[in-house]
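Student: Sequence first, predicted coordinates after that:
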Amino acid sequence: MRHFSSMLNGLASSFSIRRGKNSGNGDGREAAEAMAKDAKKNDLILRSSGFVNVDGSDNFASVFSKRGRKGVNQDCAIVWEEFGSQADMLFCGIFDGHGPWGHFVAKKVRESMPSSLLCNWQETLAQTSLDPDFDLESDKKHQRFLIWKHSYVKTCAAVDQELEQCRKIDSFYSGTTALTIVRQGDLIYVANIGDSRAVLATTSEDGNLVHVQLTVDFKPNLPQEAERIIQCKGRVFCLHDEPGVHRVWLPDEESPGLAMSRAFGDYCIKDYGLISVPEVTQRHITSSDQFVVLATDGVWDVISNQEAIQIVSSTPDKAKAAKHLVQCAVHAWKKKRKNIAMDDISAICLFFHSSTLPPQHEVNLATTSK
């Protein structure tokens, strides 16, 4: 219980310092947003292509995004080191917008989700500590997971509600996926909404690098997804010129034709089976686990899981790992999908054991290729 108490006290202290003398319902969120501003000022947040490597941290994150051939780049990403002023925590996420306002929706969710999650996590920790029936030591790993899962579910519901009420962004026919990871010590918590994918690279007993897919691609034709959509009077089918590409449709209209079953926004079809509830999982990171790749479907449409981890592992400079993966995906699009407009392609490569790298505290920003 000692580590839990010290963690809670440390976080509570960080929040209280930023609250000042005023108090109110919005204090937690305001404190979290203040933390985000401080982190940005101290070069702990990356929101563009580049890399993050903080002195003393085990994390090394490489980020790259490239616009496709469909217009403005609707992908975006974020990496936040020392998440919530916690030295052993990192938050990263990748977002794939769609629809006329998709790029605005993706950026809005990217901006609001980390602070909201941090606030809800702090509140859940505080509430849990007051529960007389709560015993962290009985199953520390499981209890931490439940805290993060509850925080994520509450956050995603709040973010989706905020988005619907945002007058500056029309998200009725637009939305975004969201794939995020929180690393806390030797545990990672993965939350997924949509069809982006997280793939872990780990060393097997025979010394080979193998992939472990950490998320489910939430496509409309998955049995449990299709069942929910149909029960809500939505429809799932492929267009004649897109065999194998299942989409979600309104009951009586050939619209909107979403290629995923979960997303923020898209309120035109929220009553017909589309949801913004995340699937939350956890994994204990061992010395065998090397890195995790978070990427939008622009990568996975043309690159297999095993190909992706081989590409990343073969990149001599970790800072360029995400760029190398994206460039390989671009080449694969040109080769495998000649007559299809290339999608936006984005990736985050999060390496778990960077302590062997030369010490540095650096956020390197690179201009996103157009």
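Tutor: Yes, it's here.
Student: all contacts plus neighbour counts: C-alpha atoms, from now on.
Tutor: Noted.
Student: and the closest residue to residue 53 other than its chain neighbours, what is it in contact with?
Tutor: Leaving aside its chain neighbours, residue 53 sits nearest to residue 60 (4.9 Å; criterion: C-alpha to C-alpha, 6 or more residues apart in numbering). Contact partners of residue 60, counting by C-alpha atoms under 8 Å, 6 or more residues apart in numbering, are 51, 52, 53, 54, 318, 350, 351, 352, 353, 354.
Student: Between all of those residues, which two are separated the most?
Tutor: Across these, no pair lies farther apart than 51 and 353, at 15.0 Å, counting by C-alpha to C-alpha.
Student: These two - which one has more neighbours?
Tutor: residue 51 (27 against 17; other C-alpha atoms under 10 Å).
Student: so that one sits right up against residue 78, yeah?
Tutor: No: at 10.6 Å, residue 51 does not count as touching residue 78 under the criterion of C-alpha atoms under 8 Å.
Student: Dump whichever strand in the chain runs longest to CSV, restricted to CA.
Tutor: In terms of residue count, the longest strand belonging to the chain (DSSP state E) is strand 89-98. In CSV, the C-alpha atoms belonging to strand 89-98 read as follows (Å, rounded to 0.1, in the frame of the first residue of the first chain):
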residue,chain,number,x,y,z
MET,A,89,4.6,7.7,-16.7
LEU,A,90,4.2,8.4,-20.4
PHE,A,91,1.1,9.0,-22.6
CYS,A,92,1.0,8.6,-26.3
GLY,A,93,-1.8,8.5,-28.8
ILE,A,94,-2.6,8.4,-32.5
PHE,A,95,-5.8,9.8,-34.1
ASP,A,96,-7.2,9.2,-37.6
GLY,A,97,-9.9,11.7,-38.6
HIS,A,98,-12.5,11.2,-41.3
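Student: List the buried residues in the very next helix or strand once past that strand.
Tutor: As assigned by DSSP states H and E, the chain's next helix or strand after strand 89-98 is helix 102-129. Neighbour counts using 16 or more other C-alpha atoms under 10 Å place 102-126, 128-129 of helix 102-129 among the buried residues.
Student: now do stretch 294-301
Tutor: Buried-residue list, stretch 294-301, by 16+ other C-alpha under 10 Å: 294, 295, 296, 297, 298, 299, 300.
Student: ok, now which ones touch the fourth one?
Tutor: Each residue near residue 297 by C-alpha under 8 Å, 6+ apart is listed here: 195, 196, 197, 345.
Student: The first one: how many residues sit nearby?
Tutor: The reference is to residue 195. Quick note: residue 195 (other C-alpha under 10 Å) scores 26 neighbours.
Student: I'd like to know how far the residue sitting nearest the centre point of the chain sits from residue 106.
Tutor: Nearest to the mean C-alpha position of the chain, counting by C-alpha atoms, centre = their mean, stands residue 180 at 2.0 Å. Distance of residue 180 to residue 106, given as C-alpha to C-alpha, to the nearest Å: 13 Å.
Student: Low-confidence regions, this structure specifically.
Tutor: Counting by pLDDT under 70, the chain shows low-confidence ranges at 1-26, 131-139, 355-370.
Student: if we can go back for a sec, would you mind checking which of the contacts of residue 60 is nearest to residue 251?
Tutor: residue 350 (41.3 Å).
Student: May I see the buried residues of the helix or strand hosting the closest one?
Tutor: For residue 350, the element it lies in under DSSP H and E is strand 345-351. Neighbour-count burial for strand 345-351, counted by 16+ other C-alpha under 10 Å, picks out 345, 346, 347, 348, 349, 350, 351.
Student: Skip the chain neighbours and tell me the closest residue to the fourth one.
Tutor: The spatially closest residue to residue 348, leaving aside those adjacent along the chain, is residue 63, at 4.6 Å (C-alpha to C-alpha, 6+ apart).
Student: For that neighbour, list each beta-bridge partner.
Tutor: residue 50, residue 348 (DSSP bridges).
Student: Surely it and residue 322 touch.
Tutor: Yes: look at residue 63 against residue 322 with C-alpha under 8 Å: they come within range, at 5.3 Å.
Student: And those two? Which one has more around it.
Tutor: A count of neighbours by other C-alpha under 10 Å puts residue 63 above the other of residue 63 and residue 322, at 33 against 30.
Student: what's the distance between that one and residue 191?
Tutor: Taken as C-alpha to C-alpha, the span from residue 63 to residue 191 is 19 Å.
Student: one step back: give the residues shared as contacts by residue 63 and residue 322.
Tutor: With C-alpha under 8 Å, 6+ apart, residue 63 and residue 322 have common neighbours 346, 347, 348, 349.
Student: Contacts for the one helix or strand residue 224 maps to next, please.
Tutor: Under the criterion of DSSP H and E, residue 224 resides in helix 223-231. Contact with helix 223-231 is made by 218, 219, 220, 235, 236, 248, 261, 272, 273, 274, as judged by C-alpha under 8 Å, 6+ apart.
Student: again, only this time at 7 Å
Tutor: Here helix 223-231 makes contact (C-alpha atoms under 7 Å, 6 or more residues apart in numbering) with 220, 235, 236, 261, 272, 273, 274.
Student: just those residues now: which is nearest residue 93?
Tutor: The nearest member of the contacts of helix 223-231 to residue 93, counting by C-alpha to C-alpha, is residue 261 at 19.0 Å.
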